[in-house]
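[1] Just need the structure, nothing else, for what follows:
(one chain, ligands or ions: 1)
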Amino acid sequence: MKFQIDKTSNGARACTIETAHSTILTPVFMPVGTQGTVKALDANDMLEMGAKIILGNTYHLYLRPTSKLIKKFGGLHGFSKFPNSFLTDSGGFQAFSLSDNSKPDENGIMFKSHIDGSKHYFTPQSVLDTQYELNSDIMMILDDLVALPNTNERIKKSIERTTKWAKEAIEYHMEQKAKGVGVHQNIFAIIQGGTSKEFRKLSATQLCALSDFDGFAIGGLSVGEPNQDMYDTVEWTTQFMPENKPRYLMGVGTPEDLIENIERGVDMFDCVMPTRNARNGTLFTSFGRLNIKKAEFKEDIKPIDESCGCYTCKNFTRAYLNHLLRAGEITYFRLASLHNIYYYLDLMREARSAILNDNWVEFKKEFYAKRGK
Ligand SMILES: [Zn+2]
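    Residues are numbered from 1 along each chain as shown. From the prediction side, this is the model:
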């Protein structure tokens with residue numbers, strides 16, 4: 001991967017990441033395509049909205065339809081027909097959160113499939129083998145997750161294990177590359193440590209010393225801690241991360257979370273929020289959230305957001321969306337998801353342009369002013 005910083009403004013970074021499949025301009029939001037598709041949308045929708053990278057979930061794809069099958073179709077790109085980049089997670093998070101009786105040990109995570117109860121074992125090496133078959137552009141390593149709050153002893157253990165697995169993963173990846181496997185694929189490590197400064201520093205310094213990694217992620221946040229704790233942890237952690245590699249904050253968040261963390265030096269984000277919230281009626285706009293299900297929108301002739309350039313806002317009224325949602329029409333999910341994803345992608349484009357113009361402070365002020373904050 002090629003990486004360069006194009007400009008910084010008040011701590012916020014505008015960078016360019018080049019993978020084998022696309023050129024990604026940051027800050028970037030990666031829509032979540034759990035099952036090889038962003039829910040209710042397809043590859044052409046993503047292309048039309050200008051998405052350069054989407055996320056796939058290794059756990060789901062490994063179990064069904066299996067990475068072996070996806071490999072036969074030319075990996076995720078060939079299978080889904082999305083030609084730009086994919087980032088795949090390690091599967092560890094879902095093994096931890098979705099399956100029954102997941103159990104980590106020193107060498108990996110044993111879990112039962114949530115689909116058929118079959119037993120599987122993920123190791124730092126096996127999750128890379130799966131991601132080689134998926135042929136994602138950025139692969140995440142297996143990390144040892146802990147539910148928060150937890151004891152210091154357990155968090156310490158998680159950091160030790162995560163570092164041990166990171167060393168095994170990067171060693172394995174270098175061996176595989178030497179054999180011609182995953183040559184164009186990049187690999188990111190994941191910094192853990194809860195909201196503790198001491199643990200975050202320990203995890204960040206241990207992992208960032210492993211200089212063969214192509215980028216670094218901050219994991220284990222946005223799991224119910226107060227927002228300010230998340231922002232403080234990110235601000236503290238980024239100082240231990242290299243400047244010349246991408247920084248990815250996993251699973252975050254609201255539009256406000258993105259703006260706050262861009263200012264703290266984060267380049268990449270992903271979250272299910274725009275698609276999940278679209279499905280329950282919450283639409284993101286330049287003036288804040290709007291619940292389209294409310295009776296006040298029944299006869300509203302305006303689009304969701306007059307300043308939005310998405311397909312839905314250019315063609316349909318709030319009244320129509322309100323009706324489709326109340327009637328349980330599948331079309332609602334598509335139109336609402338198109339709008340929310342477009343809003344997130346466009347917010348990142350605006351943020352980048354503010355950084356390039358060294359206009360970050362004014363941009364952020366205006367972002368909150370439009371929301372009445
Ligand atoms: Zn729109």
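[2] and the stretch 201-350 of the chain, which of its residues are near the ion?
    Along the stretch 201-350 of the chain, the residues adjacent to the ion under the rule CB under 5 Å from the ion are C308, C310, T312, C313, H339. Placement of C-beta: from N, CA and C, glycine included.
[3] pLDDT added to these, as TSV?
    Putting these into TSV (pLDDT from 0 to 100) gives the following:
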residue	pLDDT
C308	98
C310	98
T312	98
C313	98
H339	98
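[4] Return the member of these nearest to V361.
    Distance to V361 across those (CB to CB) is lowest for C308, with 24.3 Å.
[5] Residues in contact with the helix or strand hosting R13: which ones?
    Assessed by DSSP states H and E, R13 sits inside strand 12-18. Outside strand 12-18, the residues that touch it by CB atoms under 8 Å, 6 or more residues apart in numbering are 1-8, 23-28, 246, 262-263, 265, 267, 351-352, 354-356, 360.
[6] Return the subset of those lying in strands.
    Judged by DSSP state E, strands contain the following of these: K2, F3, Q4, I5, D6, K7, T8, T23, I24, L25, V28.
[7] if I look at G253, how far off is the ion?
    20 Å (CB to the ion, to the nearest Å).
[8] my guess is R154 is in a helix, correct?
    Yes - assessed by DSSP: H, G, I helix; E, B strand; the rest coil, R154 belongs to a helix.
[9] residue contacts, it?
    R154 neighbours (CB under 8 Å, 6+ apart): V146.
[10] what do you get for L283?
    Neighbouring residues of L283 by CB under 8 Å, 6+ apart: N277, R289, L290, N291, I292, I304, D305, A336, H339, N340, Y343.
[11] what's the neighbour count on the closest residue to the ion within the stretch 1-150 of the chain?
    Distances between the stretch 1-150 of the chain and the ion by CB to the ion are smallest at M49, namely 10.2 Å. M49: 19 surrounding residues under other CB atoms under 10 Å.
[12] Setting the sequence-adjacent residues aside, check what's closest to it.
    Y342 (5.2 Å; CB to CB, 6 or more residues apart in numbering).
[13] Can you read off the pLDDT for the residue of the stretch 1-150 of the chain closest to the ion?
    We note a pLDDT of 98 for M49 in this prediction.
[14] quick one on the thing from earlier: in TSV, list the residues of the stretch 201-350 of the chain next to the ion along with neighbour count.
    Formatted as TSV, those follow (neighbours: other CB atoms under 10 Å):
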residue	neighbour count
C308	19
C310	21
T312	23
C313	23
H339	26
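[15] Now the spatially most central residue of the chain. Nearest residue, chain neighbours left out?
    The centre of the chain sits closest to D270, judged by CA atoms, centre = their mean, with a distance of 2.2 Å. Leaving aside its sequence neighbours, D270 sits nearest to M30 (CB to CB, 6+ apart; 4.2 Å).
[16] ok, that neighbour touching G56?
    No - between M30 and G56 there is no contact under CB atoms under 8 Å: 9.9 Å.
[17] And D100, what's its pLDDT?
    66.
[18] for the one 4 residues further on, same thing?
    In the prediction, the pLDDT value recorded for P104 is 90.
[19] Please tell me how far it sits from N244.
    32 Å (CB to CB, to the nearest Å).
[20] of the two, who's got more company?
    Ranked by neighbour count (other CB under 10 Å), P104 and N244 place P104 first, with 22 against 8.
[21] what's across from the more buried one in the sheet?
    Note on P104: beta-bridge partners I109, judged by DSSP bridges.
[22] quick one, what contacts the closest residue to G11 other than its chain neighbours?
    Once flanking residues are discounted, G11 sits nearest to E263: 5.2 Å by CB to CB, 6+ apart. Shown in contact with E263 (CB under 8 Å, 6+ apart): N10, G11, A12, W360, K364.
[23] Do a quick rundown of the helices in the stretch 201-350 of the chain.
    With DSSP state H, counting those that start in this stretch as the criterion, the stretch 201-350 of the chain has helices at 227-238, 255-263, 273-279, 311-315, 318-326, 330-356.
[24] Against which helices or strands is the shortest one packed?
    On a contact count with 3 or more CB pairs under 8 Å, 6 or more residues apart in numbering; DSSP states H and E, helix 311-315 meets helix 330-356.
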